[in-house]
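Undergrad: Prediction below, plus the sequence it came from.
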Amino acid sequence: MQAMWGSPQLLLLWLLVLAAGGTGHAYRPSRRVCAAAGAAPGSISESFVQRVYQPFLTTCDGHRACSTYRTIYRTAYRRGPGLGPTRPRFACCPGWKRTGGLPGACATAVCQPPCGNGGSCVWPGRCHCPAGWRGNTCHTDVDECSSGGADCPQ
(Lines give C-alpha, C1' and ligand atoms only; values in the text may rest on other atoms or scores of the structure.)
Protein backbone atom coordinates (compact mmCIF):
# COMPACT_ATOMS: atom_id res chain seq x y z
CA MET A 1 0.00 0.00 0.00
CA GLN A 2 1.31 3.45 -0.94
CA ALA A 3 2.12 5.87 1.87
CA MET A 4 -0.70 8.33 2.51
CA TRP A 5 1.51 11.40 2.88
CA GLY A 6 2.71 12.64 -0.48
CA SER A 7 0.20 10.62 -2.42
CA PRO A 8 -1.55 12.25 -5.39
CA GLN A 9 -4.90 11.49 -3.76
CA LEU A 10 -3.98 13.49 -0.66
CA LEU A 11 -2.84 16.40 -2.80
CA LEU A 12 -6.11 16.32 -4.73
CA LEU A 13 -8.10 16.18 -1.48
CA TRP A 14 -6.16 19.17 -0.10
CA LEU A 15 -6.79 21.19 -3.28
CA LEU A 16 -10.51 20.40 -3.07
CA VAL A 17 -10.62 21.54 0.55
CA LEU A 18 -8.90 24.80 -0.38
CA ALA A 19 -11.22 25.35 -3.34
CA ALA A 20 -14.32 24.71 -1.26
CA GLY A 21 -13.16 27.20 1.34
CA GLY A 22 -12.72 29.99 -1.21
CA THR A 23 -10.80 33.12 -0.30
CA GLY A 24 -13.29 34.50 2.19
CA HIS A 25 -11.12 33.26 5.04
CA ALA A 26 -8.06 35.10 3.75
CA TYR A 27 -9.37 38.59 4.56
CA ARG A 28 -10.00 39.01 8.24
CA PRO A 29 -8.85 41.66 10.68
CA SER A 30 -5.15 41.08 11.18
CA ARG A 31 -1.86 42.84 10.60
CA ARG A 32 -2.50 45.64 8.06
CA VAL A 33 -6.02 44.30 7.26
CA CYS A 34 -8.95 46.31 8.63
CA ALA A 35 -12.71 45.89 8.63
CA ALA A 36 -14.18 48.11 5.92
CA ALA A 37 -17.18 50.36 6.43
CA GLY A 38 -20.45 48.66 5.61
CA ALA A 39 -20.90 45.04 4.73
CA ALA A 40 -21.26 43.16 1.49
CA PRO A 41 -24.89 42.24 0.86
CA GLY A 42 -25.61 38.57 1.11
CA SER A 43 -28.13 36.76 -0.98
CA ILE A 44 -31.00 34.62 0.14
CA SER A 45 -31.94 31.27 -1.23
CA GLU A 46 -35.65 30.78 -1.73
CA SER A 47 -37.51 27.58 -2.48
CA PHE A 48 -40.08 27.18 -5.23
CA VAL A 49 -42.09 24.40 -6.81
CA GLN A 50 -40.56 23.24 -10.07
CA ARG A 51 -42.59 21.31 -12.63
CA VAL A 52 -40.68 18.43 -14.23
CA TYR A 53 -41.86 16.44 -17.24
CA GLN A 54 -40.72 12.85 -16.89
CA PRO A 55 -40.83 10.50 -19.89
CA PHE A 56 -41.90 6.91 -19.32
CA LEU A 57 -43.04 3.87 -21.32
CA THR A 58 -46.47 2.35 -21.00
CA THR A 59 -48.60 -0.11 -22.97
CA CYS A 60 -51.31 1.13 -25.23
CA ASP A 61 -53.79 -0.62 -27.58
CA GLY A 62 -53.07 -4.02 -26.22
CA HIS A 63 -49.42 -4.96 -26.24
CA ARG A 64 -47.80 -1.98 -27.98
CA ALA A 65 -45.28 0.11 -26.08
CA CYS A 66 -45.97 3.81 -26.08
CA SER A 67 -43.95 6.63 -24.62
CA THR A 68 -45.64 9.41 -22.77
CA TYR A 69 -44.87 11.99 -20.12
CA ARG A 70 -45.99 12.47 -16.58
CA THR A 71 -45.70 15.68 -14.63
CA ILE A 72 -44.04 15.63 -11.25
CA TYR A 73 -43.38 18.52 -8.93
CA ARG A 74 -40.31 18.98 -6.79
CA THR A 75 -38.88 21.62 -4.50
CA ALA A 76 -36.01 23.56 -6.06
CA TYR A 77 -33.96 26.52 -4.84
CA ARG A 78 -32.88 29.78 -6.44
CA ARG A 79 -31.20 32.99 -5.37
CA GLY A 80 -33.78 35.50 -4.30
CA PRO A 81 -33.76 39.22 -5.05
CA GLY A 82 -33.73 40.26 -1.40
CA LEU A 83 -30.90 40.85 0.98
CA GLY A 84 -29.82 37.97 3.10
CA PRO A 85 -27.42 37.96 5.99
CA THR A 86 -24.51 40.30 5.40
CA ARG A 87 -20.93 39.20 5.56
CA PRO A 88 -18.18 41.51 6.80
CA ARG A 89 -15.89 43.25 4.32
CA PHE A 90 -12.21 43.71 4.86
CA ALA A 91 -9.64 45.86 3.11
CA CYS A 92 -6.06 46.94 3.59
CA CYS A 93 -5.60 49.42 6.41
CA PRO A 94 -4.82 53.05 5.46
CA GLY A 95 -1.25 53.35 4.22
CA TRP A 96 -1.10 49.79 2.88
CA LYS A 97 -2.13 48.09 -0.35
CA ARG A 98 -2.45 44.54 -1.61
CA THR A 99 0.74 42.81 -2.65
CA GLY A 100 0.78 40.91 -5.92
CA GLY A 101 -3.00 40.64 -6.08
CA LEU A 102 -3.05 38.13 -3.24
CA PRO A 103 -6.16 38.42 -1.07
CA GLY A 104 -5.32 39.35 2.49
CA ALA A 105 -1.69 40.20 1.73
CA CYS A 106 -1.43 43.90 2.56
CA ALA A 107 2.35 44.22 2.65
CA THR A 108 3.10 47.13 0.30
CA ALA A 109 3.41 50.50 2.03
CA VAL A 110 1.89 53.59 0.40
CA CYS A 111 3.51 57.01 0.80
CA GLN A 112 1.48 60.18 0.23
CA PRO A 113 2.96 62.26 -1.28
CA PRO A 114 4.97 59.61 -3.13
CA CYS A 115 8.72 59.22 -2.67
CA GLY A 116 10.77 61.17 -5.19
CA ASN A 117 14.21 60.90 -6.79
CA GLY A 118 14.34 57.09 -6.72
CA GLY A 119 13.25 56.74 -3.10
CA SER A 120 11.17 53.77 -2.00
CA CYS A 121 8.29 53.68 0.44
CA VAL A 122 9.23 51.45 3.39
CA TRP A 123 6.42 52.37 5.82
CA PRO A 124 3.33 54.54 5.35
CA GLY A 125 4.65 58.10 5.08
CA ARG A 126 8.31 57.03 5.36
CA CYS A 127 10.66 56.91 2.36
CA HIS A 128 14.10 55.33 2.09
CA CYS A 129 16.14 57.82 0.06
CA PRO A 130 19.08 57.07 -2.24
CA ALA A 131 22.45 58.72 -1.65
CA GLY A 132 22.32 62.47 -2.18
CA TRP A 133 18.68 62.87 -1.08
CA ARG A 134 16.92 63.10 2.27
CA GLY A 135 13.65 64.15 3.85
CA ASN A 136 10.25 62.53 4.24
CA THR A 137 9.76 62.30 0.49
CA CYS A 138 13.40 62.38 -0.74
CA HIS A 139 13.00 65.86 -2.22
CA THR A 140 15.75 67.58 -0.21
CA ASP A 141 19.13 67.61 -1.95
CA VAL A 142 22.07 66.78 0.31
CA ASP A 143 25.03 69.17 -0.16
CA GLU A 144 27.92 66.71 -0.03
CA CYS A 145 30.47 69.52 -0.57
CA SER A 146 29.56 71.44 2.61
CA SER A 147 31.07 68.74 4.81
CA GLY A 148 34.31 68.70 2.80
CA GLY A 149 33.98 64.99 2.14
CA ALA A 150 35.58 63.16 -0.76
CA ASP A 151 32.13 62.38 -2.25
CA CYS A 152 31.62 65.87 -3.64
CA PRO A 153 30.29 65.47 -7.20
CA GLN A 154 29.97 69.24 -7.80
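TA: Perfect, I can see it now. Please read all numbers here as calculations on a predicted model, not as lab measurements.
Undergrad: if you go through this structure in chain order, where are the helices?
TA: Listed from the start of the chain, the chain has helices (DSSP state H) covering 8-21.
Undergrad: list the contacts for the closest residue to Ala76 other than its chain neighbours?
TA: The spatially closest residue to Ala76, leaving aside those adjacent along the chain, is Gln50, at 4.0 Å (Cβ to Cβ, 6 or more residues apart in numbering). The way it works is simple: take the backbone N, C-alpha and C, and place the C-beta from them, glycine included. Gln50 makes contacts with Tyr73, Arg74, Thr75, Ala76, as judged by Cβ atoms under 8 Å, 6 or more residues apart in numbering.
Undergrad: Which strand residues bridge Ser47?
TA: Tyr77 (DSSP bridges).
Undergrad: how many other residues sit next to it?
TA: 10 (other Cβ atoms under 10 Å).
Undergrad: what does the model give it for pLDDT?
TA: We have a pLDDT of 82 for Ser47.
Undergrad: Quick check: Gly135 touching Cys129?
TA: Yes: the criterion here is Cβ atoms under 8 Å, and Gly135 meets it with Cys129 at 7.1 Å.
Undergrad: More neighbours: these two, which one.
TA: When Gly135 and Cys129 are compared for neighbours, Cys129 comes out ahead with 20 against 15, by other Cβ under 10 Å.
Undergrad: which residue packs closest to that one, ignoring adjacent ones?
TA: Cys138 (3.9 Å).
Undergrad: who are the neighbours in contact with that neighbour?
TA: Counted by Cβ under 8 Å, 6+ apart, Cys138 has contacts Cys115, Gly116, Asn117, Gly118, Gly119, Cys127, Cys129, Pro130.
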